[in-house]
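*Asks:* make a model of this:
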Amino acid sequence: MRKFSVLEKHFAVQRYLNERISYRDLAKELGIDNSSLRYWVKLYEYHGDTAFLFPYTNYTPAFKLKVIQFIEEKNYSIREASALFHIPDSSMVRRWKKKWETGGFDALKPTGKGNSRMTSQKKNSKNDQSDKHSVEEMQKELEYLRMENAYLKKLRALVQNKEKSPNKTKRK
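*Replies:* Have a look, this model is predicted:
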C-alpha cells in the first residue's frame, strides 16, 4: 500500500463525510483497506484538522500503560484508542498491549535501540521522583486490580458450579 499525504487523507475523509459514500466503496477506489479509512475518519472526528500531523515522539511507559488501561477499562478497540490518543499507528498500541500482557510494566520500557531523545535531555531529579512515584502507584493499583479480577473469576466459577449441581439427596 502506498503512503498517503496529509492532504490526501484529509480529502478522503471529507469525501466520506460529505458525499455519503461507504467506507468499502471509497477504500476500494483509493486502493486501501477500509479499516485504514475508518481510522482516518476517527482521527478526524477526535482531532479535526490536526488529525494527520504526527510529530515524532517517544512514549513513556506510563503513557503506554495509561492507553492499555483505558482500552481495558472503557472497552475501546485498539484502533479507536489509538485515534483518541493521537497515536499514528494502531499496530504500535497492539505491540504495547502484547508486551504488557507477557512481561508486565517493565516490558513497556524502552529497549535502548535507536536514537532516544529522552536520554540526551536532562531531567531534573524532582521530575524523576514524581515519575517514579506515579509508576509505583500504577504498579500497585495494577497488582490490586489483577487480584480483584482473579477473585471475581473464582467466585463466578463457584457460583456456576453450584448452579449446575443443585443439592439433591439420594434416597435409599
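*Asks:* what packs against the helix or strand harbouring Phe11?
*Replies:* Using DSSP states H and E, Phe11 sits in helix 6-19. Packing partners of helix 6-19 (3 or more C-beta pairs under 8 Å, 6 or more residues apart in numbering; DSSP states H and E): helix 23-30, helix 34-47. C-beta: built from backbone N, CA, C; applies to glycine.
*Asks:* the closest residue to His10 other than its chain neighbours: what's it in contact with?
*Replies:* Using C-beta to C-beta, 6 or more residues apart in numbering and skipping the chain neighbours, the partner closest in space to His10 is Phe52 (6.3 Å). Neighbouring residues of Phe52 by C-beta atoms under 8 Å, 6 or more residues apart in numbering: 6, 9-10, 40, 43.
*Asks:* repeat that for Ala27.
*Replies:* Each residue near Ala27 by C-beta under 8 Å, 6+ apart is listed here: 33-34, 36-37.
*Asks:* picking up where we left off before, what is the orientation angle of the helix holding Phe11 with helix 23-30?
*Replies:* Computed with axes from the mean of the first three to the mean of the last three C-alpha atoms, to 10 degrees, the direction of helix 6-19 lies at 140 degrees from that of helix 23-30.
*Asks:* I am finished for the moment; much appreciated.
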